[in-house]
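1. no sequence on this one, just coordinates:
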Ligand SMILES: Nc1ncnc2c1ncn2[C@@H]1O[C@H](COP(=O)(O)OP(=O)(O)OP(=O)(O)O)[C@@H](O)[C@H]1O
């Protein structure tokens, strides 16, 4: 069943008679959406990783979106090992990226256009891979070397003849939109250079498949280390967790504040954080990233909401408002995952605790943040670092984007720089602040219900408990309740 219809059947979005005016305004848009869904007017639009409603004729601020979740499915890869010392100079030269792509046969005109665009982007770089080199490196793209699947791509592990490990990401039978997104991703990633960002090694186009090549992360993603197979081999120590938090914050600070053109990643999550052998994090997957606003406006409004449930900032999920603060919010969720070892959405948890945020909030508010600690962290650890990380997480998860700190402030907080304590006190003392973002209670319900629909497919979870839940996400220093009163 199409996701949108599935959702329409599951959710009760009828307006409540007790709603305030502002709540009613937003709730009416939900009703409008339900009507659209029921009338079958809502079409599914698949663009890369997003499923969203098309732009419909409602006020910009009320534009809802339908994020589409993707799940990595991990194989048990085996690598074809090369004996590096036996590589001839000719073979070694062959394994280097090409300066220009081959004369490709059988390419449709759209793919030829993509090559032209890529040549423009990578004109000064030696970043074209020969397809045969990638084929050999991945043992003919064997299933054993399939290490991950994204929304519409597959990731293979490979070893070049010079012994270098690579991750080969293939975007198959691409739509026009996916091709545009690919070029956009290459444009952004090739402009970046930071130790905590996975660098692009090169690209290749073969039979209309669009391929990008990256360094192979020896440990895999942070998601695997926290929640997956990798955890059985090595439980992340507190020190490693803290190092990962700082490294990821540095990557985001680079994107938001140090690039000549700011970049918003829009898909910060543990499966997009790769780990080196020394547990240095590298942010990856810029498939949803976009250039940040360069004008004085603080945010832009996007018709398509893309990203992953469990990490979506409320202003983005509800109204499509995108700013660097959406990455800060997602980073807060990653911090909670690092602290607790829990998944952002866990359908098997008791009712009301399925969302990591909803589980964590009462613990933090009651001063029992120690209860957040992952029971797998058994060594003696730095308690002040722990408290700092919890504090940083709760600030990142401030519901109002206006009052949510930027990543530079969060980084300073994590590094324990004094001025941040002062800033936090000022924020807390600021009783008169006005929140420009209010959310109906039903927004939380809608969000979690949609999130649960995705996990339901995988884990046969029921959303009934979420439909009954009235809990809300972290509130801002000026809660919507205060504003509406
Ligand atoms: N450079 C890499 N080294 C090692 N493993 C990688 C690398 N890049 C990706 N992977 C693995 O492949 C998986 C899929 O990656 P990909 O970026 O395509 O999708 P994703 O982030 O999991 O999902 P989505 O496309 O929905 O964002 C990752 O979760 C990771 O496990």
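-> Received it, and whenever you're ready, just let me know what you need. This one's a predicted model, so the numbers in the text were calculated from it and none came from an experiment.

2. Please identify which helix or strand holds residue 141.
-> Residue 141 belongs to no helix or strand when assigned by DSSP states H and E.

3. what residues are up against it?
-> Residue 141 sits next to 135, 156, 168, 170 when contact means Cβ atoms under 8 Å, 6 or more residues apart in numbering. Where you see a C-beta, it was placed from the backbone N, CA and C, and this is true even at glycine.

4. so what's the closest residue to the ligand within the stretch 101-250 of the chain closest to, chain neighbours aside?
-> Of all residues in the stretch 101-250 of the chain, the one sitting closest to the ligand is residue 148 (2.0 Å; Cβ to the nearest ligand atom). Nearest residue to residue 148 in three dimensions, chain neighbours excluded: residue 155, at 4.0 Å (Cβ to Cβ, 6 or more residues apart in numbering).

5. neighbouring strands for the helix or strand where the one you found lies, and are they parallel or not?
-> Per DSSP H and E, residue 155 falls inside strand 153-159. Within its sheet, strand 153-159 is paired with strand 146-149 (antiparallel), strand 165-171 (antiparallel), according to DSSP bridges.

6. Could you tell me the least trusted of these?
-> The stretch with the lowest mean pLDDT among the strands paired with strand 153-159 is strand 146-149, at a mean of 91.

7. So which bits of it are buried?
-> 146-148 (16 or more other Cβ atoms under 10 Å).

8. quick check, nearest of those to residue 119?
-> Within these, distances to residue 119 taken as Cβ to Cβ reach their minimum at residue 148, with 28.0 Å.

9. okay, the strands paired with strand 153-159 in CSV with distance to residue 409 next?
-> Formatted as CSV, the strands paired with strand 153-159 follow (distance: least, Cβ to Cβ, whole Å):
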stretch, distance to residue 409
strand 146-149, 33
strand 165-171, 33
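
10. so which of those strands comes closest to residue 308?
-> strand 146-149 (14.3 Å).

11. how about stretch 227-235: buried residues?
-> Result for stretch 227-235 [16+ other Cβ under 10 Å]: buried residues 227-228, 230, 235.

12. Spit out the contact partners of residue 261.
-> Residue 261 sits in contact with 191, 291-292, 294, where contact means Cβ under 8 Å, 6+ apart.

13. ditto for residue 268
-> Each residue near residue 268 by Cβ under 8 Å, 6+ apart is listed here: 248, 252, 283, 311, 327, 330-331, 334.

14. so of those, which ones are in helices?
-> Per DSSP state H, helices hold the following members of those: 248, 252, 327, 330-331, 334.

15. Out of these, which is nearest to the ligand?
-> residue 330 (11.9 Å).

16. Please tell me how far that closest one sits from residue 322.
-> In this view, residue 330 and residue 322 are 12 Å apart by Cβ to Cβ, to the nearest Å.

17. now residue 216
-> Taking Cβ to Cβ, one finds residue 216 at 31 Å from residue 322.

18. just residue 218 next, same as before
-> 33 Å.

19. before we move on, what about residue 259?
-> For residue 259, the distance to residue 322 - Cβ to Cβ - is 16 Å.

20. Spell out which helix or strand contains the closest residue to residue 401 other than its chain neighbours, please.
-> Nearest non-adjacent residue to residue 401, counting by Cβ to Cβ, 6+ apart: residue 325, 4.2 Å away. In the assignment (DSSP H and E), residue 325 maps to helix 324-340.

21. So which other helices or strands are in contact with that helix?
-> helix 222-227, helix 238-253, strand 263-264, helix 314-319, helix 356-365, helix 383-396, helix 407-414 (3 or more Cβ pairs under 8 Å, 6 or more residues apart in numbering; DSSP states H and E).

22. Please repeat the previous calculation with a cut-off of 7 Å.
-> Judged by 3 or more Cβ pairs under 7 Å, 6 or more residues apart in numbering; DSSP states H and E, the packing partners of helix 324-340 are helix 238-253, strand 263-264, helix 356-365, helix 383-396, helix 407-414.

23. Please identify the most buried of these.
-> Mean neighbours per residue, mean count of other Cβ atoms under 10 Å, is largest over the helices and strands packed on helix 324-340 for strand 263-264, with a mean of 24.

24. what pairs with that strand, and is each one parallel or antiparallel?
-> strand 290-291 (antiparallel).

25. quick one: average pLDDT of the following helix or strand past the partner strand?
-> Using DSSP H and E, the next helix or strand after strand 290-291 towards the C-terminus is strand 300-301. Mean pLDDT, strand 300-301: 80.

26. Counting by contacts, list what strand 300-301 packs against.
-> Secondary-structure packing of strand 300-301 (3+ Cβ pairs under 7 Å, 6+ apart): no helix or strand packs against it.

27. and that strand, which strands flank it?
-> strand 321-322 (antiparallel).

28. what's in contact with the strand it pairs with?
-> 264, 266, 299-302, 315-316, 401 (Cβ atoms under 7 Å, 6 or more residues apart in numbering).

29. before we move on, what about stretch 273-280?
-> Identification of contacts with stretch 273-280 by Cβ under 7 Å, 6+ apart yields 196, 198, 217-222, 225, 240, 243-244, 247-248, 281-284.

30. Please list which of the residues you listed are also close to the ligand.
-> By Cβ under 6 Å from any ligand atom, the members of the contacts of stretch 273-280 lying near the ligand are 198, 217, 220-221, 284.

31. Report the beta-bridge partner residues of residue 169.
-> So, taking DSSP bridges as the rule, residue 169 has residue 155, residue 212 as bridge partners.

32. Pretty sure it sits against residue 212.
-> Yes. Assessed by Cβ atoms under 7 Å, residue 169 is found in contact with residue 212 at 4.9 Å.

33. ok, the two, which is more surrounded?
-> A side-by-side neighbour count of residue 169 and residue 212, using other Cβ atoms under 10 Å, places residue 212 first with 26 against 23.

34. what sits against the more buried one?
-> Counting by Cβ under 7 Å, 6+ apart, residue 212 makes contact with 169, 186, 200, 203.

35. ok, which pair from those residues is furthest apart?
-> 169 and 186 (11.0 Å).

36. And stretch 116-127, end to end?
-> Terminal residues of stretch 116-127 lie 14 Å apart, using Cα to Cα, to the nearest Å.

37. brain fart, stretch 221-232
-> Calculated as Cα to Cα, the first-to-last residue distance of stretch 221-232 is 14 Å.

38. That stretch - what's its average pLDDT?
-> The model assigns stretch 221-232 a mean pLDDT of 92.

39. what does the stretch 151-300 of the chain have sitting close to the ligand?
-> So far as Cβ under 6 Å from any ligand atom goes, the stretch 151-300 of the chain lies against the ligand at 151, 153, 155, 167, 169, 198, 214-217, 220-221, 224, 267, 271-272, 274, 284-285.

40. Show me the shaky parts of the chain.
-> 1-107, 124-125, 173-174, 295-297, 303, 418-485 (pLDDT under 70).

41. Domains in it, by residue range?
-> The record's domain split for the chain, according to automatic domain parsing, is 2-17+29-94, 104-215, 220-470.

42. so who does the closest residue to residue 339 other than its chain neighbours touch?
-> Nearest non-adjacent residue to residue 339, counting by Cβ to Cβ, 6+ apart: residue 372, 5.2 Å away. Neighbouring residues of residue 372 by Cβ under 7 Å, 6+ apart: 339-340, 360, 363, 390.
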